[in-house]
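S.K.: here you go, sequence then predicted model.
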Amino acid sequence: AHAKWLLTFAVVLISGGLFAQEIYHSPDPDLMARLSYDSPQTMQAEDVRHVCVAVSRDGDYRIIRMQSDGQTQRLHGKMPQEQLQQLKSLLASDAFKGLSGNHGGLIRQESESFGAEVVRHDNDRTQRLHWLNADGENPFPTPVTKVVDWLKRFDPKDGKTFDYAEYPDVCPSGGLRLLD
């Protein structure tokens, strides 16, 4: 009797856990990634303090960024093939794919953060990452640093402006959210 009860309990527990692990399906089937980066406000050498970008598999992008002067810029367009290939390579690297989860810390002074939602079309899953360099002493892992460098260098040439209401989902969910 106890064996039957234990087996039933185990099956219910396992099936409940599997049911709760619903696979996230992006509302945009062409979405490749949503990325965000936030740098310390006191860094004057940086032009961009906050940036979020959503990129489709064919290179269409939407970017929201706040300049060091406080101005928010919203642009969309098509990125050059070379920049798209660089980003694809960075996100497809085994080192980046091997990263997981949320990595935070106690914020003592300045902090920088990185967030990502990368749609893995090969297995119909979304990789979500949130990294925080809370005190300037715990730098991002190398794969994250490479993506952050790409974000800092990305120059949306010939981008057209858009309203927030047109593309409200540029930033990764749970990541950096720019407020106006």
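M.R.: Ah, there it is.

S.K.: can you give me the distance of residue 58 to residue 160?
M.R.: Applying C-beta to C-beta, to the nearest Å, the value for residue 58 to residue 160 is 17 Å. Backbone N, C-alpha and C define where each C-beta goes, glycine included.

S.K.: and the strands in this protein?
M.R.: For the chain, applying DSSP state E gives strands covering 31-38, 48-56, 60-67, 72-78, 101-103, 112-120, 125-133, 160-161.

S.K.: ranking those strands by mean pLDDT, which is last?
M.R.: Ranked by mean pLDDT, the strands of the chain bottom out at strand 101-103, with a mean of 60.

S.K.: residue 87 versus residue 154, what's the distance?
M.R.: Taking C-beta to C-beta as the measure, residue 154 falls 8 Å from residue 87.

S.K.: reformat the strands of the chain as a markdown table; add distance to residue 139 and mean neighbour count.
M.R.: Output for the strands of the chain, formatted as a markdown table (distance: least, C-beta to C-beta, whole Å; neighbours: other C-beta atoms under 10 Å):
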| stretch | distance to residue 139 | mean neighbour count |
| --- | --- | --- |
| strand 31-38 | 14 | 24 |
| strand 48-56 | 18 | 22 |
| strand 60-67 | 22 | 21 |
| strand 72-78 | 27 | 16 |
| strand 101-103 | 11 | 13 |
| strand 112-120 | 9 | 21 |
| strand 125-133 | 6 | 19 |
| strand 160-161 | 34 | 9 |
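
S.K.: would you list the ones you listed in CSV and tack on distance to residue 143?
M.R.: CSV is the format used below for the strands of the chain (distance: least, C-beta to C-beta, whole Å):
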stretch, distance to residue 143
strand 31-38, 13
strand 48-56, 17
strand 60-67, 21
strand 72-78, 26
strand 101-103, 13
strand 112-120, 10
strand 125-133, 10
strand 160-161, 31
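
S.K.: can you tell me which of the ones you listed is nearest to residue 93?
M.R.: Smallest distance to residue 93 across these (C-beta to C-beta): 11.2 Å, for strand 112-120.

S.K.: if you drop the residues flanking it in sequence, what lies closest to residue 76?
M.R.: Nearest residue to residue 76, sequence neighbours excluded (C-beta to C-beta, 6 or more residues apart in numbering): residue 62, at 4.5 Å.

S.K.: who's the one you found bridged to?
M.R.: Residue 62 forms beta bridges with residue 54, residue 76, as assigned by DSSP bridges.

S.K.: could you measure from it over to residue 123?
M.R.: Distance of residue 62 to residue 123, given as C-beta to C-beta: 25 Å.

S.K.: list the contacts of the spatially closest residue to residue 73 that is not a sequence neighbour.
M.R.: Nearest non-adjacent residue to residue 73, counting by C-beta to C-beta, 6+ apart: residue 65, 5.3 Å away. The contact partners of residue 65, by C-beta atoms under 8 Å, 6 or more residues apart in numbering, come to 48, 50-52, 72-73.
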